[in-house]
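Engineer: build me a model from this:
(2 chains)
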Amino acid sequence: EPEVTQTPSHQVTQMGQEVILRCVPISNHLYFYWYRQILGQKVEFLVSFYNNEISEKSEIFDDQFSVERPDGSNFTLKIRSTKLEDSAMYFCASSGTEAFFGQGTRLTVV
Amino acid sequence: GEDVEQSLFLSVREGDSSVINCTYTDSSSTYLYWYKQEPGAGLQLLTYIFSNMDMKQDQRLTVLLNKKDKHLSLRIADTQTGDSAIYFCAERSGYALNFGKGTSLLVTP
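Structural biologist: Alright, predicted model coming up:
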């Protein structure tokens, strides 16, 4: 089965620091996403990316967040100045018709 | 925003069938998905259905879609203890998937 790969699996960072979460989507997919799941809560949409630009974003995805596809394979989520409430599991996904998710990066802001 | 609703818990005996239900409000949904999440793990795509279909079967999994009522169900035949997990329903109308809160399935011996 095709696989979306995320690194790191865990990240602990101090409040106010910048973090970059990395993803390698499935190679022939054209749509890429970031979602987050705060512990015990539902999976929330952050942003979608198509044709090298943001196609849709949620209210959560404010100016502290940015996404980039720096090369042909990686897809990154940057949080500029982390807050305690950014602690969550962050999932990358890519899709054609089927939407596949990575195993997630658990971000802990202390 | 559009809502996706699921019951929170379901408990079944091993060997029985499980039926997990989901309702959604977005009438322009094109695809509907079921994901499985085991503790501490990612989201595993189980199956999906296009909105112009009313049923899809894949081994032990049967998805039923009633588009008129905006009701989706996932039936797991011969449920096993390894099926214990949280099951998320998700609908897609544009780019994004909109998830329900998940149904926690407990399979007892």
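Engineer: ok, the spatially most central residue of chain A to chain B distance?
Structural biologist: Closest residue to the average C-alpha location of chain A: A:Trp34 at 3.5 Å, with C-alpha atoms, centre = their mean. Per C-beta to the nearest C-beta, to the nearest Å, A:Trp34 is found 10 Å from chain B. Placement of C-beta: from N, CA and C, glycine included.
Engineer: next SSE downstream of the host helix or strand of that residue?
Structural biologist: Using DSSP states H and E, A:Trp34 maps to strand A:31-37. Sequence-wise, the next helix or strand downstream of strand A:31-37 (DSSP H and E) is strand A:43-50.
Engineer: partner strands of the helix or strand following that following strand, with direction?
Structural biologist: As assigned by DSSP H and E, the chain's next helix or strand after strand A:43-50 is strand A:53-57. According to DSSP bridges, strand A:53-57 forms sheet pairs with strand A:43-50 (antiparallel).
Engineer: other residues contacting the strand it pairs with?
Structural biologist: Under the contact criterion C-beta atoms under 8 Å, 6 or more residues apart in numbering or on different chains, strand A:43-50 has outside partners A:30-38, A:54-58, A:60-61, A:65, A:67, A:69, A:75, A:77, A:91, B:43, B:88, B:90, B:95-99.
Engineer: now do the buried residues in it.
Structural biologist: Residues of strand A:43-50 classed as buried: A:43-49 (neighbour count, 16 or more other C-beta atoms under 10 Å in any protein chain shown).
Engineer: what of stretch A:20-30?
Structural biologist: Buried positions in stretch A:20-30, judged by neighbour count with 16+ other C-beta under 10 Å: A:21-26, A:29.
Engineer: swap in stretch A:93-106?
Structural biologist: A:93-95, A:99-106.
Engineer: what mean pLDDT does the helix or strand encompassing B:Leu64 get?
Structural biologist: Element membership of B:Leu64 [criterion: DSSP H and E] is strand B:61-66. Regarding strand B:61-66, the rounded mean pLDDT is 97.
Engineer: what's the worst-scoring helix or strand of chain B on mean pLDDT packed up against?
Structural biologist: Ranking every helix and strand in chain B by mean pLDDT, DSSP states H and E puts strand B:97-99 at the bottom, with a mean of 92. Counting contacts by 3 or more C-beta pairs under 8 Å, 6 or more residues apart in numbering or on different chains; DSSP states H and E, strand B:97-99 is packed against strand A:43-50, strand B:85-92.
Engineer: partner strands of that strand, parallel or antiparallel?
Structural biologist: strand B:85-92 (antiparallel).
Engineer: the strand it pairs with: how far from the chain's middle?
Structural biologist: 5 Å (C-alpha atoms, centre = their mean, to the nearest Å).
Engineer: residues touching that strand, excluding its own?
Structural biologist: Strand B:85-92 has contacts (C-beta under 8 Å, 6+ apart) with A:42-43, A:99, B:2, B:4, B:6, B:20, B:22, B:24, B:26, B:29-39, B:43, B:46, B:72, B:74, B:97-100, B:102-105.
Engineer: whichever of the residues you listed end up buried, select them in ChimeraX.
Structural biologist: The following ChimeraX line selects those of these that are buried, judged by 16+ other C-beta under 10 Å:
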select /A:42,43,99 /B:4,6,20,22,24,26,29,31,32,33,34,35,36,37,43,46,72,74,97,98,99,100,102,103,104,105
